[in-house]
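Visitor: need the 3D shape of this:
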Amino acid sequence: MALYEMDQNSIRKLRETTFVSYGLKERGDIQRLLKERIEVIAPGTMVLAEEFGEWEASRRRIDLLGLDKDANLVVVELKRTEDGGHMELQALRYAAMVSTMTFDKVVEIYERHLGIDGADVEARTAILDFLEWDEVDEDSFAQDVRIVLASAEFSRELTTTVMWLNEHNLDITCVRLKPYDYDGRLILDVQPIIPLPEAEEYQVRVRDKVQKERKARESGRDLTRYDVFVDDDKYPNLAKRRAILAVFRGVYSKGANPEDVAKLIDWKPNLVRSAEGTLGSGEMYDAITEQLESEGKTSTAKRYFLADDELMHANGRTYALTKMWGRSTVEAMQVIVDKYSDLNVCFREAEI
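Guide: Coordinates of the predicted model:
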């Protein structure tokens, strides 16, 4: 394959180049840039650590350690060489070494990573938010380790090995990062080569569905997703706590008072927090933080939906809905829908 520049008069092939010729280093440049834009090679992944190597009797380090939306650990290995070297064997060692990590250990690792980057984020809350979990579920956490290999090119030996390993239930993705020169600028062509999206998409979906169903059976955790409907608008494939937000905001958008809706869920304390005025996200965060501190509570305002398009305004006040629901979410949605049956808000299990 090649990249071309096309205008009204011609089609011109771009010249292939190398990272080395542009003075790009594997760790100092490529790794640093991909850490900030991990979705380029691993969509739906949260970076937990860079150059991770916290194990005894080994100097080996994982380029990037991540977590995906299914709570699987993700080992990312990068190579700027032209054939990928033996990165698949190296990544397998790393995957085995991190496979026994607990949630608390991952929180500890992420806290150190945030400290290095100077980010003002609470690690535990950030991970729970990313996973869309209300509480820690060790039985569903890190049940598998995915591997992502990124290189300018991959040898036939490497790709053959990876395909054989995937046939035996490993989950390895190879992403080709092909650099091109365009009038002195570096153009990067990013292509997943294993699995091929055109050929493997259906099998990947089926495999993921089977794995999720197995985890749900083993842990007893409900992973059902929901479609929410407000008049003719559909909010599809939502995790439970996103679904309750859509239902709550749905009846609110049709005129229901947030305080009245909250009273319906009488078994759930602190369902909503409110503050005087029409507040934005940052102001509401500060207001809830002040409330929690005055109540002597150690929980954080980040346990509430605080984005501007998630807040609700009524009666001269601003309202934020909790993210912490547990197993009562569907019951709460049904109570709200039944009470406001005339507002044309409903939900159902999402289609696979």
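
Visitor: where along the stretch 101-250 of the chain do the helices fall?
Guide: 103-117, 123-131, 156-167, 197-219, 240-253 (DSSP state H, counting those that start in this stretch).

Visitor: mean pLDDT lowest where, among the ones you listed?
Guide: Lowest mean pLDDT within these: helix 197-219, at a mean of 54.

Visitor: span of stretch 77-93 from start to end?
Guide: Across stretch 77-93, the straight-line distance between its terminal residues is 12 Å, by CA to CA, to the nearest Å.

Visitor: what sits against residue 6?
Guide: If you count contacts by CB atoms under 8 Å, 6 or more residues apart in numbering, residue 6 has them with residue 12. Bear in mind the C-beta positions are built from the backbone N, C-alpha and C, glycine included.

Visitor: per-residue confidence at it?
Guide: In this model, residue 6 is scored at 92, pLDDT.

Visitor: gap between it and residue 12?
Guide: 8 Å (CB to CB, to the nearest Å).

Visitor: do residue 4 as well
Guide: Using CB to CB, residue 4 is found at 6 Å from residue 12.

Visitor: cool, residue 130 as well?
Guide: Computed with CB to CB, the distance linking residue 130 and residue 12 is 43 Å.

Visitor: who's more crowded, those two?
Guide: In terms of neighbours (other CB atoms under 10 Å), residue 130 is the more surrounded of residue 130 and residue 12; the figures are 15 against 12.

Visitor: the closest residue to the more buried one other than its chain neighbours bridge partners, please.
Guide: Setting aside the residues directly before and after it, residue 130 is nearest to residue 46 in space (CB to CB, 6 or more residues apart in numbering), at 4.9 Å. Per DSSP bridges, residues listed as beta-bridge partners of residue 46: residue 67.

Visitor: how many other residues sit next to residue 46?
Guide: The criterion is other CB under 10 Å. On that basis, residue 46 has 17 neighbouring residues.

Visitor: residues in contact with it?
Guide: Shown here is residue 46, whose contacts under the criterion CB under 8 Å, 6+ apart are 38, 66-68, 126-127, 130.

Visitor: give me the pLDDT for it.
Guide: The model reports residue 46 with a pLDDT of 97.

Visitor: can you list the low-confidence ranges for the stretch 251-352 of the chain?
Guide: Per-residue confidence for the stretch 251-352 of the chain (pLDDT under 70) gives these ranges: 352.
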